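J.: With the input below, show me the fold.
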Amino acid sequence: MQQRCDRVGGSLESAPERRSNEPIMVLEAACQRLEAAIDRLESALAARDTRERATQQELDASLQAAQAERADLTEVNRTTLERLDQTIGRLRGLLAG
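T.: You can find the predicted model right below:
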């Protein structure tokens, strides 16, 4: 935790001094709550960043897999088209001859 608020006041005070420092004590307590809230926000932000990086890595891997599958299917399509053209050519030759 980063120190954001300066500590004010002493520990050896008389009752009147304590009463006069009550606003300072309230301010210190508010400052501590603020620091705790900022720490929670920073932790939440770090966790979100970690999740986003993991999600991005999953998306990248999925995209690469899809691109590889597309390349494979394109090759299968090309090969199938060539074989069909050859078969059609042979059938035409048989029917003509």
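J.: Could you pull up the mean pLDDT of stretch 73-85?
T.: The pLDDT scores in stretch 73-85 average 98.
J.: Just checking the distance from it to the centre of its chain.
T.: Mean C-alpha position of stretch 73-85 versus that of the full chain (Cα atoms, centre = their mean, to the nearest Å) differs by 40 Å.
J.: Please identify the buried residues of that stretch?
T.: Within stretch 73-85, no residue is scored as buried using 16 or more other Cβ atoms under 10 Å. The way it works is simple: take the backbone N, C-alpha and C, and place the C-beta from them, glycine included.
J.: Same question for stretch 21-40.
T.: Buried, per 16+ other Cβ under 10 Å, within stretch 21-40: 21, 28.
J.: rounded to a whole number, what's the mean pLDDT of it?
T.: Mean pLDDT, stretch 21-40: 94.
J.: centre of the chain versus that stretch, how much separation?
T.: Relative to the centre of its chain, stretch 21-40 is centred 31 Å away, using Cα atoms, centre = their mean.
J.: Equivalent analysis for stretch 61-72, please.
T.: With Cα atoms, centre = their mean, you get 22 Å for stretch 61-72.
J.: Please export the C-alpha coordinates of that stretch as CSV.
T.: As requested, the backbone C-alpha atoms of stretch 61-72 are provided in CSV (Å, rounded to 0.1, in the frame of the first residue of the first chain):
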residue,chain,number,x,y,z
ALA,A,61,-5.2,-18.9,-30.3
SER,A,62,-8.7,-19.4,-31.6
LEU,A,63,-8.1,-17.1,-34.5
GLN,A,64,-4.9,-18.9,-35.5
ALA,A,65,-6.7,-22.3,-35.3
ALA,A,66,-9.5,-20.9,-37.5
GLN,A,67,-7.0,-19.6,-40.0
ALA,A,68,-5.2,-22.9,-40.1
GLU,A,69,-8.5,-24.8,-40.6
ARG,A,70,-9.5,-22.4,-43.4
ALA,A,71,-6.1,-23.0,-45.1
ASP,A,72,-6.7,-26.8,-44.8
